[in-house]
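Chemist: With the input below, show me the fold.
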Amino acid sequence: MSGKMQLVQVARLLLCLVLFPDLWHSHPDAGSQGKVMGQTLITSVSDANLVYEFLLSGLVIDDDNNVGMWDQEMASMRKGRVFLSLINDDIPKTVPAMEEQLVTLEKKVQSFNQDNFETLILGIIYSAYQVREKRQESQRKAWAGILGRLANVTLVQLRRS
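Modeler: Numbering: from 1, shown residues only. Model prediction:
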């Protein structure tokens, strides 16, 4: 699957987040992991559309694996800053760390909440970009495997709702 097709799939997943609000459930033990209060990325269809615009305008991963936006105006918007903060602070930047997070997400199938779903969506975005950016075939395959597992967790959640 081409990088552009992967990004289209990510955009569709973002819209599912808004169209299926029952995907997450609040549980006392399902707190956010390091998220700053008020940093919820997607709370409406408008927010999902904005994230889609972020993806269309283009993201870039620097040498330190930090994500930035090509469009500096979008990056300076409140939701743009939240998007970049969450993806840079809460998404693992290595395959082994992402696999650990996947294990955690796979275990939370019964207690998924909005933070978990946003982490899943941001992980998909980051992994899709890594698949596209990596030069070595082994690295691309590793990130593609992560992307596939993230998509599987998403499908499990969609079926559950």
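Chemist: Quick one: residues contacting the residue nearest to the spatial centre of the chain.
Modeler: With distances taken as Cα atoms, centre = their mean, the residue of the chain nearest its centroid is L122 (1.2 Å). Neighbouring residues of L122 by Cβ atoms under 8 Å, 6 or more residues apart in numbering: 41, 86-87, 90-91. The C-beta positions use only the backbone N, C-alpha and C, and glycine is treated the same way.
Chemist: so can I have a markdown table of those residues showing neighbour count and secondary structure?
Modeler: What follows is those, written out as a markdown table (neighbours: other Cβ atoms under 10 Å; DSSP: H, G, I helix; E, B strand; the rest coil):
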| residue | neighbour count | secondary structure |
| --- | --- | --- |
| L41 | 24 | coil |
| L86 | 22 | helix |
| I87 | 24 | helix |
| D90 | 18 | helix |
| I91 | 19 | coil |
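Chemist: which of those lies closest to K108?
Modeler: Nearest to K108 among the contacts of L122: D90, at 14.8 Å, using Cβ to Cβ.
Chemist: hang on, the earlier thing: which among the contacts of L122 gets closest to R159?
Modeler: Nearest member of those to R159, counting by Cβ to Cβ, is L41, at 23.3 Å.
Chemist: my read: the closest one touches L84, true?
Modeler: No - if you go by Cβ atoms under 8 Å, L41 and L84 don't touch, sitting 10.3 Å apart.
Chemist: just to revisit the earlier point, ok, and the residue nearest to the centre of the chain, which helix or strand is that part of?
Modeler: Secondary-structure assignment from DSSP states H and E places L122 in helix 114-133.
Chemist: try G68
Modeler: Following DSSP H and E, one finds G68 within strand 67-69.
Chemist: What are the contacting residues of that strand?
Modeler: With Cβ under 8 Å, 6+ apart as the contact definition, strand 67-69 has outside contacts at 54, 57-62, 75, 80, 84, 87-88, 126, 129.
Chemist: Quick one, which of these are buried?
Modeler: Among the contacts of strand 67-69, those classed as buried by 16 or more other Cβ atoms under 10 Å are 54, 59, 61, 75, 80, 84, 87-88, 126, 129.
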